[in-house]
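Enquirer: got a predicted structure here, sequence first:
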Amino acid sequence: MAVTAPGRRPGQGARPGRAGEAAVAGRPAGRRPWQLLAGTAVLAAFAALAVAAPLAGSPLRPDLTRGLTPTGLPVGPSARYPLGTDLLGRDELARLAYGVRVSLTVAIASNIASIAIGAAVGLVAGFFRGPAEQVLMRLTDVGLALPYTLAGLVIAAIMPAGLTRVIVIITALFWSYPARLVYGEVLRLRRRGFVEAGEAMGASGLAVVRRHLLPQVTSLMLAYSPLNAASAVAFEATLSYLNAGINPPAPSLGNMISDGQAAITYRPLLVIAPGLAVMALTLAFLLVGEGMKTRDPDARRLSWLGR
Amino acid sequence: MARAMMRRLVFGLIAVTGVAVLAFLLEFVVPGDPARAIAPRAQSAAVLANIRAQLHLNQPLVVQFASYFGNLLHGDLGMSYVQRQPVAALIGPRLADTGALALAGVLAEVLIGGTLGVLAARHDRVRAAVGAVNLVLLAVPVFVLGLVLLLVFGYQLGLAPVAGGAGPAQIVLPALTLGLIGAPWYAQIVADQVQEALASNWVRTAVGKGLRDGYILRRHVLRNVLSPVLTMAGMDLGSYLSGVVTVEVVFVWPGIGLLAYNALQNLDRPVVMGTVIVGAVAVVAFNLLADLARMLADPRAREEA
Amino acid sequence: MPGDAGRPAALMARDVSVRYGPVRAVREASLTVGAGQAVALIGETGSGKSSLAFAVARLLPRSARVTGRVEIAGTDVLAADWRRFRGERARLLGCVAQDAMAALNPVLPVGRQVGELFAVHAGMGRRQAAAAASAALASVRIDHPEAVARLYPHQLSGGMRQRVMVAMALALRPPLVVADEPTTALDVSTQAEILGLVAELRERVGSGLLWITHDIGVVAELADWAAVMYAGRIVETGPVEAIFDAPAHPYTEGLLLTRRDLRSGAPGSPLFQIPGAPPARPDEAPGCPFMPRCPRATAVCAAREPPLLPLAGRGEAGHQAACHHPAPPGAPPAPAPARARTAAP
């Protein structure tokens, strides 16, 4: 009965780790390769957009002649500006492309960093046990219990705005869940006697870690990383929306939504386009995570009710 | 049971103290001069120095820390730099508004998630649909969902007020946002538990006793699901009370989260620390209450404790 | 078959088969429990005895396909509309499950679980039902029934939980009680108590009893009639004395020998075991499913599965066995030294 939801702060944007778990709710058996395919396809499209961003034009230079109406309002979609312009007359598509670039960069960098730190913490705590275990796991508990948004805002206040700040915040808040996962896995392997057996056969501690623990931990973290990335994308957008991530004029999906909110009544596309982009990115990562899972083939459900 | 609760209470107090220390230290790392925040147009250094002296900011960190904690024990959270009011007086009314929102949000997520979960557990065809809905709800960031609801129900359909103030009409959209974001977790846990129950021997016994499906579901099955749901709802209530920053910012809901957000933007140190500490107390208190509720709902948990 | 002449048989099952997908768990089993009679259904794990018992109660998972004809006290069970039968079932039969802990709702007081029966089927109010529940608990010799009624299953001992199950099964005085190895999870002295209790109550209420067990020892104390199941079929049936004194099927002989060795075997002497294991898919091979383990097997056993037939030249009426080479009456039940054989290709 997995009742406890450590560090879960719904309503505050980031929910590292548990995102994928809940997504499994009520699924029939069998592998779902289409999910992997769909997720990868969407991610590839976004990657292409991010790489081709410079082709779309400048995300920063306002076009005062054709980017704004004579009364100074943003223009709607046209051949020149497929998504129209923003309130300052800048190309919305170019900004979106650069925003996706930010999202993907943050997802990849903070994903690698948080999983590396978390895995190291979990491995050390689970392998050496003793005082190291106590200190590291209590720290992990604190990390899991933090209110993410508020903690993110506080950290943001002590750093200059920019990509580095976002990556640092997300890494600082996201390492604890993989640490807990890896720690649990190492303990499980220990119970099954991997460590003792290895040491009894004369292998050094390091060799045991490398040969018996690392492969298992690596596959666990590979399965977890898409879900982690999904949470990172959503949290980056939240931070930037709250003025605590990438600050204007540099574009990010989150601050584009925040800017667009002023025009929500007459040009909702300025909120909808970046909003859909964030959702599609997150969903794509979640789908990849779903597709990578192997499911219990014998999950036939039994119910005594109804006929 | 009482001893277990005491133990948890002590751990909770330690956690709150830890959070308070952490908040205090972090605040001192925040760059920016509070004196400037108070008097942004003050030109002379003497004026700024005077303000710092009034706030005891010129004293060593340890002294400030000791006096802050001494006051804290008396329930005094200090004065807001910017608003010139006791922090407790600022937090008080906002706590009520955040409480209303938190309660409405938890109710919404339990209702939405519980319904989805029961449907998913009972009907194979609904199951895949619920899974898809869950996935989408998990993918959408809170503020995007909030804005979409605002756009559709507020601006396009005109069914709900768009922003400002805390009233029964204004609470609908932010509560719905919280409910939809939280629903997938409840859906999952309810679906799992209901499914497990439906396959259990005791449901077979109940069927053998000639009870109707609806009766079995209500009296037997949901009774079993109650305790994990109550635990989760209690924990959510605590964490929402500690400030639903994003939702409150999107809907301009005048609660703790918005207060903390604005205080951070204004370098209003005492307010930030006050909200963080009140939030920590809320989390700890409601986790305790959640445990208590679980014990009331599940006789087995009573003995475990 | 014996039983009260005036009342319809408590259970009459004809050619009942149960299949789960391609697997046939029960094959054309026929069984009668006369009114007020106690019948033991004996078999090892996987023999299909529980499938047969729950098929009779229509309490099998949806994936199970049940064919044949089942009547409980004259009511056709399998043909009845599911919704209507669901309401009637508790009046027709009571079930005592193997694991009472799993069969009781963990978060409801046991009194409520017993009282529900009266509330639903006798239209009693809350207070009346609670009183009736306490009376039912008292009838299974639970002391302080009002206090016990307020307890949850995990607060009771294994024996007490099983008593609660018995109280529920007999609450509406059904014509049939199906008990699925209700004593296996209990210690020996509690087993004896439950056995005695069931025997006594059954007589008082007048219910027929279908007692499922793998322990042939229980049978002698409790049942009038016995049926032995092997690989989904009933291979021998008859009055308990006949089966004990003159078993005809080599499998029954083996079961009895195992037990005799357990009882009287000298310390240190090897226990008798039936060699081999039951077939995983008995319906695939054409011959007798017991053949690979049988000391008397011949060519005909590999070719044809023997039907269940009355035994010629036996004194006991109704003694039947499904064997090409049944033991002759009066022969000592001592099979030849175990020769493990493999199935004919």
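Expert: The structure has been received and is ready for your questions. The structure displayed is predicted, hence computed values, not measured ones. Numbers count the residues shown, from 1 in each chain, chains lettered A, B, ... in the order given.
Enquirer: where do the helices sit along the chain?
Expert: No chain specified, so I'll use chain A. Ranges of helices in chain A, per DSSP state H, are A:18-23, A:33-51, A:53-56, A:92-128, A:130-145, A:148-157, A:163-174, A:176-191, A:194-200, A:205-208, A:214-241, A:253-260, A:269-292.
Enquirer: hmm, I had chain C in mind actually
Expert: With DSSP H as the criterion, chain C has helices spanning C:49-56, C:82-92, C:100-103, C:110-121, C:126-139, C:145-149, C:158-170, C:188-205, C:216-222, C:240-245, C:250-264, C:299-303.
Enquirer: how about TSV for these, with distance to chain B added?
Expert: C-beta coordinates here come from the backbone N, C-alpha and C atoms, glycine included. Below are these laid out as TSV (distance: least, C-beta to the nearest C-beta, whole Å):
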stretch	distance to chain B
helix C:49-56	9
helix C:82-92	4
helix C:100-103	4
helix C:110-121	6
helix C:126-139	12
helix C:145-149	14
helix C:158-170	7
helix C:188-205	17
helix C:216-222	22
helix C:240-245	28
helix C:250-264	28
helix C:299-303	38
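Enquirer: where does pLDDT dip in the chain?
Expert: Here I'm looking at chain A. A:1-32, A:294-301, A:306-307 (pLDDT under 70).
Enquirer: look at chain B instead
Expert: In chain B, residues with pLDDT under 70: B:1, B:27, B:29-34, B:36-38, B:40, B:42-43, B:162-166, B:243, B:303-305.
Enquirer: deepest-packed of the helices of chain A, please.
Expert: helix A:253-260 (a mean of 27; mean count of other C-beta atoms under 10 Å in any protein chain shown).
Enquirer: any idea how far it is from the chain center?
Expert: With C-alpha atoms, centre = their mean, to the nearest Å as the basis, helix A:253-260 stands 18 Å off its chain's centre.
Enquirer: output the set of residues of chain B in proximity to chain C.
Expert: B:200-202, B:204-212, B:215, B:219-220, B:223-224, B:226-227, B:297-300, B:303 (C-beta under 8 Å from any C-beta of the partner chain).
Enquirer: mind checking the end-to-end distance for stretch C:87-100?
Expert: End-to-end distance of stretch C:87-100 (C-alpha to C-alpha, to the nearest Å): 23 Å.
Enquirer: looking only at pLDDT, what's the mean for it?
Expert: On average, the pLDDT along stretch C:87-100 is 88.
Enquirer: what comes up buried for that stretch?
Expert: C:88-100 (16 or more other C-beta atoms under 10 Å in any protein chain shown).
Enquirer: closest one to residue B:249 out of the residues you listed, please.
Expert: Distance to residue B:249 across the buried residues of stretch C:87-100 (C-beta to C-beta) is lowest for residue C:99, with 54.1 Å.
Enquirer: quickly note the distance from that closest one to chain A.
Expert: The gap separating residue C:99 from chain A is 15 Å, by C-beta to the nearest C-beta, to the nearest Å.
Enquirer: ok, the nearest residue to that residue once chain neighbours are set aside - contacts?
Expert: Of all residues not flanking residue C:99 in the chain, residue C:185 sits nearest, at 5.7 Å (C-beta to C-beta, 6 or more residues apart in numbering or on different chains). Residues counted as contacts of residue C:185 (C-beta atoms under 8 Å, 6 or more residues apart in numbering or on different chains) are C:98-101, C:158.
Enquirer: how about a cut-off of 7 Å?
Expert: C:98-99, C:158 (C-beta atoms under 7 Å, 6 or more residues apart in numbering or on different chains).
Enquirer: also residue A:199?
Expert: Contacts of residue A:199 by C-beta under 7 Å, 6+ apart are residue A:208.
Enquirer: please apply the same query to residue B:271.
Expert: With C-beta under 7 Å, 6+ apart, residue B:271 has these contacts: B:80, B:87, B:90, B:259, B:263.
Enquirer: I'd like those as a markdown table, with neighbour count and secondary structure appended.
Expert: Shown next, in a markdown table, are these (neighbours: other C-beta atoms under 10 Å in any protein chain shown; DSSP: H, G, I helix; E, B strand; the rest coil):
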| residue | neighbour count | secondary structure |
| --- | --- | --- |
| B:80 | 23 | coil |
| B:87 | 26 | helix |
| B:90 | 23 | helix |
| B:259 | 28 | helix |
| B:263 | 25 | helix |
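Enquirer: from those residues, pick the one nearest chain A.
Expert: Closest to chain A out of the contacts of residue B:271 is residue B:263 (9.9 Å), distances taken as C-beta to the nearest C-beta.
Enquirer: any figure for the gap between that closest one and chain C?
Expert: Noted for residue B:263: a distance of 45 Å to chain C, by C-beta to the nearest C-beta.
Enquirer: which element is the residue lying closest to that residue once chain neighbours are set aside on?
Expert: Nearest non-adjacent residue to residue B:263, counting by C-beta to C-beta, 6+ apart: residue B:271, 3.7 Å away. In this structure, residue B:271 is located in helix B:269-297 according to DSSP states H and E.
Enquirer: what angle do that helix and helix A:148-157 make?
Expert: 160 degrees (axes from the mean of the first three to the mean of the last three C-alpha atoms, to 10 degrees).
Enquirer: now the angle from helix B:269-297 to helix A:130-145?
Expert: 100 degrees.
Enquirer: of all the contacts of residue C:185, which comes closest to residue A:36?
Expert: Nearest member of the contacts of residue C:185 to residue A:36, counting by C-beta to C-beta, is residue C:99, at 41.4 Å.
Enquirer: separation between the nearest residue to residue B:293 once chain neighbours are set aside and residue C:131?
Expert: Among residues not flanking residue B:293 along the chain, residue B:230 sits closest, at 4.2 Å (C-beta to C-beta, 6+ apart). Using C-beta to C-beta, to the nearest Å, one gets 32 Å for the distance from residue B:230 to residue C:131.
Enquirer: ok, the two, which is more surrounded?
Expert: residue B:230 (22 against 18; other C-beta atoms under 10 Å in any protein chain shown).
Enquirer: secondary structure element for that one?
Expert: Here residue B:230 sits within helix B:222-241, counting by DSSP H and E.
Enquirer: helices or strands up against that helix?
Expert: Using 3 or more C-beta pairs under 7 Å, 6 or more residues apart in numbering or on different chains; DSSP states H and E, the elements in contact with helix B:222-241 are helix B:87-122, helix B:172-198, helix B:269-297.
Enquirer: quick one: it to helix B:87-122, angle?
Expert: Going by the same axes, to 10 degrees, helix B:222-241 makes 150 degrees with helix B:87-122.
Enquirer: run through who's touching helix B:222-241.
Expert: A:1, A:3, A:5, A:9-11, A:147, B:98-99, B:102-103, B:105-106, B:110, B:114, B:178, B:182, B:185-186, B:189-190, B:193-194, B:197, B:282-283, B:285-287, B:289-290, B:293-294, B:297-298, B:301, C:107-108.
Enquirer: for chain C, which residues are neighbours of chain A?
Expert: C:61-62, C:82 (C-beta under 7 Å from any C-beta of the partner chain).
Enquirer: at 6 Å instead, please
Expert: Taking C-beta under 6 Å from any C-beta of the partner chain as the contact definition, chain C meets chain A at C:61, C:82.
Enquirer: domain ranges for chain C, per the record?
Expert: C:11-230, C:247-340 (automatic domain parsing).
Enquirer: in stretch C:177-191, which residues are buried?
Expert: Buried, per 16+ other C-beta under 10 Å, within stretch C:177-191: C:177-183, C:185-186, C:190-191.
Enquirer: average pLDDT across it?
Expert: On average, stretch C:177-191 scores 84.
Enquirer: gap between residue B:122 and residue B:135?
Expert: Taking C-beta to C-beta, one finds residue B:122 at 20 Å from residue B:135.
Enquirer: residue B:104 too?
Expert: 25 Å.
Enquirer: more neighbours, these two?
Expert: residue B:135 (23 against 19).
Enquirer: which SSE is that one in?
Expert: helix B:124-139.
Enquirer: from chain C, how far off is residue B:94?
Expert: Residue B:94 is 38 Å from chain C, by C-beta to the nearest C-beta.
Enquirer: hmm, I typed the wrong one, I wanted residue A:42.
Expert: 38 Å.
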